[in-house]
Structure formats: structure tokens, C-alpha cells
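Asks: got a predicted structure here, sequence first:
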Amino acid sequence: MTPYQSSITTGVPPRFSDEVFDARQPSLQLIYDTAPIGLAFLSPECRYLQINQRLTDICGISVEDHLGRYVRDCVPALADAVEGIVQSIMRTGDPVIGVEVAGQRADQTDERFWVTYWHPHRSADGEIVGVNVAAEEITERKRAEAALRASERQFRTLADSIPQLVWMAHADGAIYWLNSHWYEYTGRPAGEINPHAWHMVLGNRWTEALATGAALESELSLLSKDGEYRPFLTRVVPLRDPQGVVYGWIGTHIDISERKRSEREVQRARDAAEAALQNLRETQNWLIEAEKLAALGRLVAGVAHEINNPLGTSLTVASSLERKSRLFAAETAQGTLKRSSLNEFVDAVRDGSAQLQESLNRAAGLIQSFKQVASDRNNSELRSFDLGDLTEQVATGLRPALPKHGVTLNVECEQGLSISSYPGSYGQVLTNLFLNSIAHAFPDGRQGNIAIKVSACGDNDVEIIFSDDGCGMSPDVRRQAFDPFFTTRRHQGGTGLGLHIVYSVVTDRLGGQLRLSSEPGEGTDVRIILPRQIPDRT
């Protein structure tokens, strides 16, 4: 028996019960029946004088089976603690508040928890005659707290296992925890932190995030334990309760040193590629200009050769006339001039003059034609011209190259095709097409024909068809024909720019369209559509 235990084991003496605690009082009974917490009244020897149904959940014994019985009989596991509290109250008269107790009913497997409050009950003369007990079950709260602690342990274990630096802060931004990688990176002792370090590092951005509750992302450099600053991507997000109120912050730092290094390498590679591309473009432009000059040079050589013929004839006739003039003058001076000699001299002068005039006119025509073509090549101004006339002039400069290659050139132009365009660029297109055909369409001395046909195409365009009956192109060659530097005659000095220049001039300079048709052994057709009027691009 305990110090307060009497020889009576069951029941409550009626007079003592009535005097000390009258449970039949309506208001008191109502409180016991409706209270949301467990309530009990214990005698000084730890007997249950009153208990409500909610408190009986601790042991699973009914209210009736509690009344008059000792605590040790109902909840033996708690008896020592309860008796100690009652003894303390009886001795000091002071209440005992906030005592947590745990228990497990015989018919249940889960442990349950309560927080208890113990207050002395005094008689009218101030004598402590019992103890009032209030017990609030906190099982769910304890379980939630345990789950929270387990979750925190799991989170911190996870945060320590990832390679990023992680920290947590209170709602006001004061840091209270960092993961182990933080201390490993900085070399500082574990647990040593400056709660307000981010105010200094992030400045106004961190202050604004705290004020607005908005997430924050930024790049910054952090000092490592080896004295080196490394770039990190910092993300800070708010932690909110179910009502949306920020109760904390979690921040992560991802080392982006490798990414930055890769970005620098990619940038260097891009710069090098752009420089190489610029050099390539400059080289290509230089080669294109060189090819244009080479084409013009070949045209000059052909024209010069063609002019040599009438000039040579003229020189021969002039020399013959000069010799006949000396003979005629000598006979006249000696007085031996005959009528037959005079008639012969007159006929010679007449025939020679006719031959001179014909030869010189032919040379003058060639020179004029070449002069016009050369002028157009050097002149980048937009002007109106007759497309048929210009085509004939260009063809005149190209024909001298035909006999050597055994190729004929046929030109058919519709009359009155006046257009406003760039004549020099158009001449360049025809020249390059002609030279490409001569070089590629008729290999090994093969003879053939080249034709140029110029006609109207609707109200606003003109059509130029350049064709040959040469060897044609394979599908692979046709597909790459207009690519820069592509040539099938590299070993013979081909640059691969002739048709590329044609395509660039037609589509860019002349604002036209171009289509290539060719099959092996069936020749090649190049169809060009040009606008009659293009904007002035100078």
C-alpha cells in the first residue's frame, strides 16, 4: 500500500464523498460530461472520486470501475508518477502543470500521450482535501512532431548527400542551418554561421525577396577554402504554411564552374569560327572578283584576236596602195606614164579603199561592241536598255572563241524588249554561262551548238534560255552546280565559281529566278526569269 492507502479497498465512504466532492451538483456534472478533455478528482490517497468518460480512454476501464479504486489498480504503469505528483501537491499546495504522460491500453497496440494539469482542491477552511486532474490527449501532436523530426532528419540527410550547397533560414532571413557540403567548401568549422550573411552578399535583391515573399535566382561567386572564388547559381525559394504565409526559406548553390568554362570555350570556338567564316567570305569575294576579271580577260583576248584580222587586212591593203603610189609617182616624174598604168592605178586605189573601209568598219564595230560591254561591266548603275541589242553585243564578243572549239553560237532575240536593270551584271551572266559550256559541255574536242533565246515572259518579266547540246550533267553534279568552289575540272585549273557567280548575280543583283535542267548526254538548259523593272540598289 501507498502512504495514503487505507485498509478499505473498494467503495467510497459516503460521508467523505458527500463532504469532499459532491458529483451530483448539476453544474459540476455537466462540466464533467461535456468537457473536451479528460477530468478526474483524486483523494489524497490517490483514489478516483470522480472521472469522466474521456479520461477513461487512458486505460480502457469504465467510469464505474474507476470510482473508489486506486490509481495503482487502474493504471499501474502510471501509479508511481501520479502518487509522486499528489504527494507533492499535498505537501506544498502548489499545482503541477504540463506533465506529459504516455501509456498503452491492454486492448491497443499504439502508445498514446497526454499532457496533464494538477491543481489542489481545498475545503472551506483551506485544507487540501483532494486533487483535480485535467488531461489533454496530444497523441496526434506527438506523432506529427515525431513525423516532422523524422522528415527533418530525412531532409538533412538528403541535403547532405547532394553535391549542392544548401541552407535554411527563418522568415526574417536569418540562416539557422547549412548542409555539410557548405562547411566542406568554405573550410569553416561545422555549425559556425553568420545568420545574416546573405544580407551582405545579395544586398537589395535579398531584401526585396524577404519583403515580397518572391523566389530569388542569381549568379554569384563564393570563396572556397583554397582561396579561389567559384561561380554559383543561387536559388532561394520561400517555405509557406497552408495559409500561404512564409515561415522560412531554403537556398541552394550549384557550382557552375564547368558550365562557365564550357561557355567560354564555346564562345572562343564561335569567335574563331566567325573569324574563319569572315576570312572565307573575303577569300570567296576575292576569288569571285578574280574570276570576273579572268572572264573579262578571256573576252578581251578573243576580241583582240578578232580585231587582228581586219586590221591585218587593212595593213596589207595600205602597204599595197603605198607601193603602187610610189610607182605611179615615179612614172609621172619620168614622163613615161601610160593610160593603162593610170587606169590600173585608179582601179587599185578604188579596190584598196573599199577593202580598207570594210576592214576598218569591221574593226570599229568590234571595238565599239567591246567598249559597250566593258563599260557595262564597270558601270554598276541601273539604266534602261534593249535586252536584245545588249545580248547581241555580248555574243559578238564571245564568238571569236567559237572556231577554236568547233562550237557554233546561235542568238535569237525578240525585238523591243526594253528593261530597266544592270546591263553589266547581265553581260557577266551570259559570259559565265558561255565559258562554262565551252569548258564543260564539249570535252575532248567535241563539237556542238550553243543557243541563246531572249523573249518576253508575261507583262512584267523577260525570259532568257541559255542551252547547249553538250554532254549534260549527272544528278549529283546538277545538285551542286551552283555551289561555290564546286567544279569537275579542279585538276585543269577550274575554280568552281563560274555558275555560283551566275546564281548570285541573277538572284541577288538582278532580282530574278534561275532554273537548271540537265541530263547526262542530253545537254543543259538554263532558264532565267528577270523583272523588266527592278529597284535601284545603288
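Replies: Alright, I've got the coordinates. Treat the numbers as computed from the prediction; the structure is a model and nothing was measured. Numbering: from 1, shown residues only.

Asks: show me where the stretch 201-350 of the chain has its helices.
Replies: Counting by DSSP state H, counting those that start in this stretch, the segments of the stretch 201-350 of the chain that form helices are 204-212, 257-334, 339-378.

Asks: just how off-centre is the shortest one within its chain?
Replies: Here helix 204-212 is found 30 Å from its chain centre; the criterion is Cα atoms, centre = their mean, to the nearest Å.

Asks: before we move on, back to that, between the helices of the stretch 201-350 of the chain, which gets nearest to A441?
Replies: With Cβ to Cβ as the criterion, A441 lies closest to helix 257-334 of those, at 16.4 Å. Placement of C-beta: from N, CA and C, glycine included.

Asks: hang on, the earlier thing: mind putting the helices of the stretch 201-350 of the chain into a markdown table with mean neighbour count?
Replies: A markdown table is the format used below for these (neighbours: other Cβ atoms under 10 Å):
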| stretch | mean neighbour count |
| --- | --- |
| helix 204-212 | 15 |
| helix 257-334 | 13 |
| helix 339-378 | 15 |
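
Asks: and the ones you listed: which comes nearest S467?
Replies: Using Cβ to Cβ, the nearest of the helices of the stretch 201-350 of the chain to S467 is helix 257-334, at 19.8 Å.

Asks: against which helices or strands is the closest one packed?
Replies: strand 229-240, helix 339-378, helix 387-398, helix 423-436, helix 498-504 (3 or more Cβ pairs under 8 Å, 6 or more residues apart in numbering; DSSP states H and E).

Asks: quick one: that helix to helix 387-398, angle?
Replies: 80 degrees (axes from the mean of the first three to the mean of the last three Cα atoms, to 10 degrees).

Asks: give me the mean pLDDT for helix 257-334.
Replies: Per-residue pLDDT values across helix 257-334 average out to 75.

Asks: ok, of the helices and strands packed on helix 257-334, where does mean pLDDT dip lowest?
Replies: Averaging pLDDT over each of those puts helix 339-378 lowest, since it has a mean of 69.

Asks: that older thread, and the helices and strands packed on helix 257-334 as CSV, adding distance to H196?
Replies: Converted to CSV, the helices and strands packed on helix 257-334 look like this (distance: least, Cβ to Cβ, whole Å):
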stretch, distance to H196
strand 229-240, 14
helix 339-378, 76
helix 387-398, 82
helix 423-436, 72
helix 498-504, 66
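
Asks: and those: which comes nearest R515?
Replies: helix 498-504 (10.7 Å).

Asks: out of the helices of the stretch 201-350 of the chain, which is closest to H181?
Replies: It is, among the helices of the stretch 201-350 of the chain and with distance given as Cβ to Cβ, helix 257-334, at 14.7 Å.

Asks: one step back: same list, the helices of the stretch 201-350 of the chain, but as TSV with distance to I37 please.
Replies: As requested, those are exported to TSV (distance: least, Cβ to Cβ, whole Å):
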stretch	distance to I37
helix 204-212	40
helix 257-334	59
helix 339-378	108
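
Asks: ok, which of those helices comes nearest S455?
Replies: Taking the helices of the stretch 201-350 of the chain one by one with Cβ to Cβ, helix 339-378 is closest: 21.2 Å.

Asks: so W167 bridges to which residues?
Replies: L178, G251 (DSSP bridges).

Asks: what sits against it?
Replies: Shown in contact with W167 (Cβ atoms under 8 Å, 6 or more residues apart in numbering): 175, 177-179, 182, 250-251.

Asks: cool, and L233?
Replies: Contacts of L233 (Cβ under 8 Å, 6+ apart): 217-219, 253-254, 256.

Asks: among those, which one has the most neighbours?
Replies: When neighbours are taken as other Cβ atoms under 10 Å, the top entry among these is H253 (21 neighbours).

Asks: just checking, it touches L222?
Replies: Yes: with contact defined as Cβ atoms under 8 Å, H253 reaches L222; the gap is 6.7 Å.

Asks: tell me, what's touching the two both at once?
Replies: Common neighbours of H253 and L222 (Cβ under 8 Å, 6+ apart) are 165, 232.

Asks: tell me which residue is most central in this protein.
Replies: E263 (13.0 Å; Cα atoms, centre = their mean).

Asks: quick one: closest of the helices and strands packed on helix 257-334 to R141.
Replies: Of all these, it is strand 229-240 that lies closest to R141, at 20.5 Å by Cβ to Cβ.

Asks: show me what the strand or helix carrying V454 is packed against.
Replies: In the assignment (DSSP states H and E), V454 maps to strand 448-457. In terms of contacts (3+ Cβ pairs under 8 Å, 6+ apart), strand 448-457 is packed against helix 387-398, strand 407-413, strand 461-468.

Asks: can you tell me what sits against the shortest one?
Replies: This means strand 407-413. With Cβ under 8 Å, 6+ apart, strand 407-413 has contacts from 387-389, 391-392, 395, 398-399, 402, 434, 437-438, 442, 447-455.

Asks: redo that, cut-off 7 Å
Replies: Contacts to strand 407-413, defined as Cβ atoms under 7 Å, 6 or more residues apart in numbering, come from residues 388, 391-392, 395, 398-399, 402, 438, 442, 447-454.

Asks: what's the ChimeraX line that selects buried ones from these?
Replies: Those of those that count as buried under 16 or more other Cβ atoms under 10 Å are selected in ChimeraX with:
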select :388,391,395,398,399,438,442,448,449,450,451,452,453,454
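
Asks: pLDDT score for H170?
Replies: Looking at H170, the pLDDT reads 90.

Asks: and the contacts of L233 as a markdown table, adding distance to A348?
Replies: Putting the contacts of L233 into a markdown table (distance: Cβ to Cβ, whole Å) gives the following:
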| residue | distance to A348 |
| --- | --- |
| E217 | 103 |
| S218 | 103 |
| E219 | 99 |
| H253 | 108 |
| I254 | 104 |
| I256 | 99 |
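
Asks: and those residues, which is closest to C471?
Replies: I256 (60.3 Å).

Asks: what sits against that closest one?
Replies: Neighbours of I256 in contact, by Cβ under 7 Å, 6+ apart: 231-233.

Asks: hang on, the earlier thing: so which of the helices and strands packed on strand 448-457 is nearest D508?
Replies: Between the helices and strands packed on strand 448-457, strand 461-468 lies closest to D508; by Cβ to Cβ that is 16.7 Å.

Asks: now tell me what touches that closest one from outside.
Replies: 387, 417, 419, 433, 437, 441, 448-457, 523-532.

Asks: buried only: go through the residues you listed for me.
Replies: By 16+ other Cβ under 10 Å, the contacts of strand 461-468 give 387, 417, 419, 433, 437, 441, 448-454, 523-532 as buried.

Asks: please save the CA atoms from stretch 407-420 in PDB.
Replies: What follows is stretch 407-420, C-alpha atoms only, in PDB (Å, rounded to 0.1, in the frame of the first residue of the first chain):
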ATOM      1  CA  VAL A 407      31.200  25.200-131.400                       C
ATOM      2  CA  THR A 408      28.600  27.400-133.000                       C
ATOM      3  CA  LEU A 409      26.600  30.200-131.300                       C
ATOM      4  CA  ASN A 410      23.000  31.000-132.300                       C
ATOM      5  CA  VAL A 411      21.200  34.000-130.800                       C
ATOM      6  CA  GLU A 412      17.500  34.600-131.200                       C
ATOM      7  CA  CYS A 413      16.200  37.800-129.600                       C
ATOM      8  CA  GLU A 414      12.700  39.300-129.600                       C
ATOM      9  CA  GLN A 415      12.800  42.900-130.700                       C
ATOM     10  CA  GLY A 416      11.800  45.800-128.500                       C
ATOM     11  CA  LEU A 417      12.400  44.200-125.100                       C
ATOM     12  CA  SER A 418      13.300  47.400-123.100                       C
ATOM     13  CA  ILE A 419      14.100  46.700-119.400                       C
ATOM     14  CA  SER A 420      15.500  48.700-116.500                       C
END
